[in-house]
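In: Return a 3D structure for these sequence lines:
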Amino acid sequence: MDYLIKLAFALLLFILTWLSQEQHQEWAVERNLLKSANNFAAHDAVQLVHQESVAEGRLLIDDEAAYETFIADLCANLGLDGSLQPLPGSRLRQEVKVVWFEVIDERTVTFPYFYQHPTYRIAKYLRGPAVIAVIETSHPVLIRGFLEQPPIRVPAIQEFAFIS
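Out: Okay, the predicted model is just below:
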């Protein structure tokens, strides 16, 4: 009888370890997917400068167009609908949230500029206008109620670098 209890305990421990590893692998896949999509979307958003400002020798990003492009790119790259919910066939299972989106350009700062956001632990010297975005989605769960995990949160910074 003692042998069966030890065997059952070892089997339970093995299964929990295996499921935990599977959950971690799913987290890594989703994080990489979010990171790539966020980088691509922020890159496309930072490209949207006001053409009149370029003629004046300044790069000013069109905030509204940048945000719209950012959302459209996230939807296209992650398989989401317009409200950032996963479409059928998407790798993601939970809603994606844009928790921070900011445009930094010459209207508000002088470059080079040290950007810092303590809430999202972002710090970077910006050499030119930039788009900073943070997106998140729920942590994948294979074992309900086992451990409460923080969401997968991914930052991206894309900038125009002034080369002197």
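
In: Could you list the low-pLDDT ranges of this protein?
Out: Applying pLDDT under 70 to the chain flags residues 142-147, 161-164.

In: which element is the nearest residue to Phe70 once chain neighbours are set aside on?
Out: Among residues not flanking Phe70 along the chain, Ala45 sits closest, at 4.2 Å (CB to CB, 6 or more residues apart in numbering). C-beta coordinates here come from the backbone N, C-alpha and C atoms, glycine included. Assigned by DSSP states H and E, Ala45 belongs to helix 2-46.

In: helices or strands up against that helix?
Out: With contacts defined as 3 or more CB pairs under 8 Å, 6 or more residues apart in numbering; DSSP states H and E, helix 2-46 has these neighbours: helix 63-78, strand 130-137, strand 152-159.

In: before we move on, back to that, contacting residues for the residue nearest to Phe70?
Out: Neighbouring residues of Ala45 by CB atoms under 8 Å, 6 or more residues apart in numbering: 61, 66-67, 69-70, 73, 103, 131, 133, 158.

In: what's the answer for Glu102, then?
Out: Contacts of Glu102 by CB under 8 Å, 6+ apart are 131-133.

In: That one sits in which helix or strand?
Out: strand 97-104.

In: Buried residues, that strand. List them.
Out: Buried residues in strand 97-104, counted by 16 or more other CB atoms under 10 Å: 98, 100-104.

In: And for stretch 14-31?
Out: Neighbour-count burial for stretch 14-31 flags 23, 26, 30-31 (criterion: 16+ other CB under 10 Å).

In: Report the distance from it to the chain centre.
Out: 20 Å (CA atoms, centre = their mean, to the nearest Å).

In: can I get the CA coordinates of that stretch in PDB?
Out: The C-alpha trace of stretch 14-31 is given here as PDB (Å, rounded to 0.1, in the frame of the first residue of the first chain):
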ATOM      1  CA  PHE A  14       5.500  14.300 -12.900                       C
ATOM      2  CA  ILE A  15       2.100  15.400 -14.500                       C
ATOM      3  CA  LEU A  16       2.200  18.800 -12.700                       C
ATOM      4  CA  THR A  17       5.800  19.400 -13.800                       C
ATOM      5  CA  TRP A  18       5.000  18.400 -17.400                       C
ATOM      6  CA  LEU A  19       1.900  20.700 -17.500                       C
ATOM      7  CA  SER A  20       3.900  23.600 -16.000                       C
ATOM      8  CA  GLN A  21       6.600  23.100 -18.700                       C
ATOM      9  CA  GLU A  22       3.900  23.100 -21.400                       C
ATOM     10  CA  GLN A  23       2.400  26.300 -20.000                       C
ATOM     11  CA  HIS A  24       5.800  28.000 -20.000                       C
ATOM     12  CA  GLN A  25       6.500  27.000 -23.600                       C
ATOM     13  CA  GLU A  26       3.100  28.400 -24.600                       C
ATOM     14  CA  TRP A  27       4.000  31.600 -22.800                       C
ATOM     15  CA  ALA A  28       7.300  31.800 -24.700                       C
ATOM     16  CA  VAL A  29       5.600  31.300 -28.100                       C
ATOM     17  CA  GLU A  30       2.900  33.900 -27.400                       C
ATOM     18  CA  ARG A  31       5.500  36.400 -26.000                       C
END
